[in-house]
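Asks: I would like to see how this sequence folds:
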Amino acid sequence: MSLLQRIKTDQLSARKARDKFKTSILTTLLSEASRPGLDDGKRESIDSEVVGVVKKFIKGMKESLDINYTDAIHHELCIVSEYLPVQLTTEELTDVCGGLFKVNPDINMGQAMGWFKKRFDGKYDGKQLSEVVRKFI
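Replies: Okay, the predicted model is just below:
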């Protein structure tokens, strides 16, 4: 099941359970997550596009939390975070980078980031990865 389908299913379940708060959040997320595919030829958004939308939602919510902490925003953040894939830890990124640079010692930052994007798209934080890669360059 695609990530977009999972959001649709969860949104329908929230509606049936009459959970207005969760239904509202998931309806908005579903609408935004569908947009990249609809804008590109009326197709369904792929998982990497949906993950990008989820990350953007989370970033906005974290900024809202920094400005004005509320339980509602924290609850929204918990709901939306369920749709992110498991993120690689710094240790895991370091291990993978170590192997990558052992095989390709002359690789540059852009090539390393591209390599990660092909294999682990959506499963790492770009800023965290760039810090790890810098240690190997």
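Asks: and for Lys135, the neighbour number?
Replies: Burial of Lys135, expressed as a neighbour count using other CB atoms under 10 Å, amounts to 10. Just so you know, the C-beta spots here come from the backbone N, C-alpha and C atoms, and that holds for glycine as well.
Asks: and it, what element?
Replies: Counting by DSSP states H and E, the element that carries Lys135 is helix 126-136.
Asks: which residues sit against that helix?
Replies: Residues external to helix 126-136 that are found in contact with it (CB atoms under 8 Å, 6 or more residues apart in numbering): Thr90, Leu93, Thr94, Cys97, Gly98, Leu100, Phe101, Met109, Ala112, Met113, Phe116.
Asks: turn these into TSV, including distance to Gly126.
Replies: Written out in TSV, the entries for the contacts of helix 126-136 read as follows (distance: CB to CB, whole Å):
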residue	distance to Gly126
Thr90	13
Leu93	11
Thr94	15
Cys97	14
Gly98	19
Leu100	16
Phe101	18
Met109	12
Ala112	12
Met113	8
Phe116	9
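Asks: farthest-apart pair in those, please.
Replies: Within the contacts of helix 126-136, two members stand farthest from each other by CB to CB: Thr90 and Met109, at 17.3 Å.
Asks: for the helix or strand containing Cys78, name the packing helices and strands.
Replies: Here Cys78 sits within helix 71-81, counting by DSSP H and E. For helix 71-81, the elements it packs on are helix 20-39, helix 47-67, judged by 3 or more CB pairs under 8 Å, 6 or more residues apart in numbering; DSSP states H and E.
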